[in-house]
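> show me how the following folds:
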Amino acid sequence: MSESGESILYEHPLSEQVRTYLRLERLFSIQLHLREQDSKICHVTALRNLWEILDCLDRGDIKGELIKELEAQRIHFQQLKESPYIDSLKLQRFLEQLEQLLIWLGSYQGKFGFNLRTDRFIEMLKNRIRMPGGTCSFDLPELHLFLNKPFDYRQNKFIEWFAHLEGLAQCIKILLRLFRENSEFETVNCHQGVYQSHLSDKHNPQLIRIRLPIDAKYYPEVSGSKHYFSIRFMEPNEAEVKPVTSDFSFELAIC
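Just a heads-up that it's a prediction; the model follows:
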């Protein structure tokens, strides 16, 4: 979920691969924010977040899926070269960027995050940093020493660690941008707090995006697959969460 000044945006993946991409996008964004903060607490959280990234990278063949997806995008955009409505210079630059990412993916040795897992300091944190209160100086004295280093030293270490994942972050950023730009928002109506729809196999949708007013008192619960989805809107209060039973409109994009 992300927010802007005027609305709240919810996103729901239609495949496990896109689910993983969205989680990694979120974790990468948190990592890049936390490392810029001159705060020991933020840097402890950044180290926990780094392990969340590594755990997420353990699921499935992310590299193989990314290569397949980016190859499909490259073929699609190569076919647009002959179109008179396309800015040929921008298209060529984008194709070159895709090519560089595919080269990076193809040359990446082993599983994503392997180099970080073999870093002695990162590996040392693995078990203790996940324990409640496990980052006390008596639990992890070496971490305590690290946190008392100058901010520039700590920040440079985070930059060094994340460098192993820069290419991956770029691949996911571009792929999700292409998915999101594949469809525009339209206003739709839900009946008694429920919206249902079938999905077209022809368009191979990857992502459902729901945009609600910033002052909305309800949120969407999405269920479905690549063939069909249902949205049930729920309204929380202090005592419980209740289904919305009114009719109203909202903005939807099927990407």
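
> so what does residue 196 have for phi and psi?
Backbone geometry at residue 196, expressed as degrees, to the nearest 10, gives phi -130, psi 150.

> mind listing what it touches?
Taking CB atoms under 8 Å, 6 or more residues apart in numbering, we find residue 196 in contact with 228, 229, 230, 231. Where you see a C-beta, it was placed from the backbone N, CA and C, and this is true even at glycine.

> is it fair to say the third one lies in a strand?
Yes - Residue 230 forms part of a strand when assessed by DSSP: H, G, I helix; E, B strand; the rest coil.

> on that earlier part again, make CSV out of the contacts of residue 196 and add pLDDT.
Formatted as CSV, the contacts of residue 196 follow (pLDDT from 0 to 100):
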residue, pLDDT
228, 89
229, 94
230, 97
231, 98
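
> just the buried residues of those residues.
229, 231 (16 or more other CB atoms under 10 Å).

> out of the contacts of residue 196, who's nearest residue 118?
Closest approach between those and residue 118, by CB to CB: residue 229, at 41.3 Å.

> specify the beta-bridge partners of that closest one.
For residue 229, the beta-bridge assignment (DSSP bridges) gives partners residue 197, residue 224.

> wait, it touches residue 14, no?
Yes - using CB atoms under 8 Å, residue 229 is in contact with residue 14, at 7.5 Å.

> name the residues contacting each of those two.
Common neighbours of residue 229 and residue 14 (criterion: CB under 8 Å, 6+ apart): 199, 208.

> give me the domain ranges for this structure.
What automatic domain parsing lists as the domains of the chain is 16-178, 185-254.

> wait, which of those is closest to residue 8?
Proximity to residue 8 (CB to CB) singles out domain 185-254 among the domains of the chain, at 5.0 Å.

> residue 46 - how many residues pack around it?
Residues near residue 46, counting by other CB atoms under 10 Å, number 23.

> which of the three states applies to it?
Secondary structure state of residue 46, per three-state DSSP, is helix.

> residues in contact with the residue nearest to it when sequence neighbours are not counted?
Spatial nearest neighbour of residue 46, chain neighbours left out: residue 34 (3.8 Å); criterion: CB to CB, 6 or more residues apart in numbering. Shown in contact with residue 34 (CB under 8 Å, 6+ apart): 42, 43, 45, 46, 49.

> what's the pLDDT at the last one?
Think residue 49. For residue 49, the model assigns a pLDDT of 97.
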